[in-house]
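In: mind folding the following:
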Amino acid sequence: MSDDLPFAVEQNLPEGYRVMNWTTGFGRQIGPLYQREIIRADGAPGYERAFRVMEYHTNGLGIAHGGMLMSFADMALGHAVSFERHVYWVTVRLALDFLSGARLGEWIEGAGELLSEQDGFYTVRGRVWCGERAILAGSGVFKAIAGRDQPIPKAPPAAARR
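Out: Alright, predicted model coming up:
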């Protein structure tokens, strides 16, 4: 895939979803991705992320590639940290169980729940689903790297990393 691939944004999105306007980077490569804010069962605000399984997401069996599902889960679970603590983060650990496949054309959703925070590390539990069917379930540890009101830290030039 390339960054110049034009994506057709879905016209009939489930209620509340809007396209995530990622115009560069990995999110652009695997998109389009969608998000909506919700009110959770406990009354607290939350979010859900989603994507439609397209042909370029599939493996040789015609189902969503495990790498696509894991990448999506990383973004869905990790967003709990962004949403609740307003920080940029990196993934330290992601442990996922594959429970079912995602077929071409299916609408896949995911979300995470912040469980704990210690020394800038956040533990999140989450899941990915299609309708009533669980696709993935798992947990992750994410490290805060900067507040959302600060510039995103950039990696040092390659020469400086040697």
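
In: so in the protein, which strand runs the longest?
Out: strand 133-147 (DSSP state E).

In: where does residue 26 fall, phi/psi-wise?
Out: phi -60, psi -40 (degrees, to the nearest 10).

In: actually, residue 89.
Out: Per degrees, to the nearest 10, the backbone of residue 89 is at phi -150, psi 160.

In: what's the local residue count around it?
Out: Residue 89: 22 surrounding residues under other CB atoms under 10 Å. Bear in mind the C-beta positions are built from the backbone N, C-alpha and C, glycine included.

In: for it, which non-adjacent residue is closest in space?
Out: Nearest non-adjacent residue to residue 89, counting by CB to CB, 6 or more residues apart in numbering: residue 142, 4.3 Å away.

In: roughly how far apart are the one you found and residue 94?
Out: As defined by CB to CB, to the nearest Å, residue 142 lies at a distance of 9 Å from residue 94.

In: OK, contacts around the residue nearest the centre of the chain?
Out: Geometric centre of the chain, nearest residue: residue 75, 2.1 Å, by CA atoms, centre = their mean. Each residue near residue 75 by CB atoms under 8 Å, 6 or more residues apart in numbering is listed here: 27, 33, 49, 110.

In: and the last one, bridged to which residues?
Out: This means residue 110. residue 49, residue 128 (DSSP bridges).

In: count the neighbours of it for me.
Out: Quick note: residue 110 (other CB under 10 Å) scores 23 neighbours.

In: name the residues of stretch 84-92 that come out as buried.
Out: Buried residues in stretch 84-92, counting neighbours by 16 or more other CB atoms under 10 Å, are found at 84-85, 87-89.

In: now do stretch 31-42
Out: In stretch 31-42, counting by 16+ other CB under 10 Å, buried: 31-36.

In: show me what the residue nearest to residue 89 is bridged to.
Out: Applying DSSP bridges, one finds that residue 142 bridges with residue 91, residue 122.

In: going along the chain, name the helices of this structure.
Out: Taking DSSP state H, the helices of the chain run over residues 25-30, 66-85, 158-161.

In: how many other residues sit next to residue 68?
Out: Neighbours around residue 68, by other CB under 10 Å: 20.

In: could you do the one 10 residues further on as well?
Out: By other CB under 10 Å, 21 other residues sit near residue 78.

In: list the contacts for residue 113?
Out: Contacts for residue 113 (CB under 8 Å, 6+ apart) come out as 46, 80, 124-126.
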